[in-house]
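Asks: Build me a model from this:
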Amino acid sequence: MLKHLLGAACLLALSSLTPARADQGITDTTVTFAQVAAFDGPAAALGQGMRTGIEAAFAEANRGGGVHGRTLVLDTVDDGYEPDRSMAEVRGIIAGDAHIGLIGPVGTPTSQATQPLATAAGLPFIGPFTGAGFLRDPALTNVINIRATYGAETAVWIDHLVGGLGLERIAILYQDDGFGRVGLEGVTAAMDARGMSLVAQGTYTRNTVAVKTALLEIRKAEPQAVVMVGAYKPIAEFIRLSHKMKMDPVFVNISFVGSDALAVDLGAEGEGVIISQVVPFPWDASLPLVADYQTALTASDASAAPGFVSLEGYITGRVAIEALRAAGPELTRATYLSALASLGTLDLGGFTLTYGAGDNQGSEVVFLTQINADGSFTPVPVGQGG
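Replies: Here you go, the predicted model:
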């Protein structure tokens, strides 16, 4: 009997130290978001970069007193860039009912697995780090996209390689899943429009760097350019092995690759590699948005260097904050969803996002960059390349 009484006393003491669970992530003083993304494995830098940017935006707002008196909080959960794991984590978040919404998820296969769960639960799905077309379905009123589509990126690739550089022999390396196939479809459509076809295709398995078989297949075709739809670790491995085998085409990568991580991983071997981008140049402080981002980043984490992924995270955080302001002080998840759906045109300081009825796509901006010998980046005018 004494044992049971002591146990009950301990539970009572613990409960008195634990704050009451926030209803849908909302209290009088806080509002809490969840980020389910890759924080480990070959795509870890993407989840980490998005988190860094979101946290910088949230901390910036919190220094000004939060939004309507509420401090913004971000909880992060690692899904390892695996759909099944991501689904399990999102189901747990839905069941816990302690978050106003999901923010900054990373990847097409993981988003494909989790967006239907979020939509069915009426949970906001803000700023997914993917350009997959299915997230642009006008029926998905809980989804707010920031970035341009992969179709827009791949169209710019082919315009540059064919229309700008006059190349004809183009091959593709892509991740063998929904993400990679979306990229393949975009490239194929852009080449079909020019009466052209790919000279070779190669694939690799998600969350591996097993690219040698793909490289050997692509190498046989003697491509002038290889367009690549994957994460930075396997892409870096493919480029290094290509150089060892004396194959040196123009390499073009999709924004999802993680530009900063790829440049670091490749070192000197990254010189000339082209990457398409969907956010402004993170070092161009003449743009008010970028100046704000740099200031917020330094204040939040003095050791963090500017980069494309964390800038996208910062923009995503800013959009989430704008919707909180619009939702007003009597915040509920329902009023927040309504505010997200009514964002209209947002000028974040030289970078404009436009939403409307049946349009959850914020930006259509795509431009090309090139890695320099020192790992920095330079914008690439159409018709020029490495």
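Asks: And what about residue 226, helix, strand or coil?
Replies: Here residue 226 is strand, with the state taken from DSSP: H, G, I helix; E, B strand; the rest coil.
Asks: Surely it is in contact with residue 251?
Replies: Yes: taking contacts as C-beta atoms under 8 Å, residue 226 lies within contact range of residue 251: 5.6 Å. The way it works is simple: take the backbone N, C-alpha and C, and place the C-beta from them, glycine included.
Asks: Identify the contacts common to those two.
Replies: Between them, residue 226 and residue 251 share the neighbouring residues residue 242, with contact defined by C-beta atoms under 8 Å, 6 or more residues apart in numbering.
Asks: Between the two, which has more neighbouring residues?
Replies: A side-by-side neighbour count of residue 226 and residue 251, using other C-beta atoms under 10 Å, places residue 226 first with 27 against 23.
Asks: So the more buried one versus residue 174, what's the distance?
Replies: Distance check for residue 226 against residue 174: by C-beta to C-beta, to the nearest Å, it reads 11 Å.
Asks: before we move on, what about residue 198?
Replies: Applying C-beta to C-beta, one obtains 11 Å for the distance of residue 198 from residue 174.
Asks: try residue 61
Replies: According to C-beta to C-beta, residue 61 stands 38 Å off from residue 174.
Asks: Could you do residue 352 as well?
Replies: On the measure of C-beta to C-beta, residue 352 and residue 174 end up 31 Å apart.
Asks: next one: residue 330
Replies: 47 Å.
Asks: Between the two, tell me which one has more neighbours.
Replies: Using other C-beta under 10 Å as the criterion, residue 330 and residue 174 rank with residue 174 on top: 22 against 7.
Asks: Find the nearest non-adjacent residue to that one, please.
Replies: Distance criterion C-beta to C-beta, 6 or more residues apart in numbering; nearest residue to residue 174, sequence neighbours excluded, is residue 180 at 3.4 Å.
Asks: Tell me how the protein divides into domains.
Replies: What the record gives for the chain is the domain set 20-147+284-354, 150-277+367-379, from automatic domain parsing.
Asks: among those domains, which is nearest residue 361?
Replies: Of all the domains of the chain, domain 20-147+284-354 sits nearest to residue 361, with 5.1 Å by C-beta to C-beta.
Asks: roughly how far out does the closest one sit from the chain middle?
Replies: A distance of 10 Å separates the centroid of the chain from that of domain 20-147+284-354, by C-alpha atoms, centre = their mean, to the nearest Å.
Asks: can you check stretch 282-294 too?
Replies: Distance, centroid of stretch 282-294 to centroid of chain: 19 Å (C-alpha atoms, centre = their mean).
Asks: hey, what's the residue nearest the centre of the chain bridged with?
Replies: The centre of the chain sits closest to residue 129, judged by C-alpha atoms, centre = their mean, with a distance of 2.1 Å. Partner residues in beta bridges with residue 129: residue 106, with DSSP bridges as the criterion.
Asks: how close does it sit to residue 186?
Replies: Residue 129 sits at a distance of 17 Å from residue 186 (criterion: C-beta to C-beta).
Asks: just residue 100 next, same as before
Replies: Counting by C-beta to C-beta, the gap from residue 100 to residue 186 is 33 Å.
Asks: Look at these two and report which has more neighbours.
Replies: For the pair residue 100 and residue 186, the greater number of neighbours falls to residue 100 (27 against 24), based on other C-beta under 10 Å.
Asks: per-residue confidence at that one?
Replies: On pLDDT, residue 100 comes in at 98.
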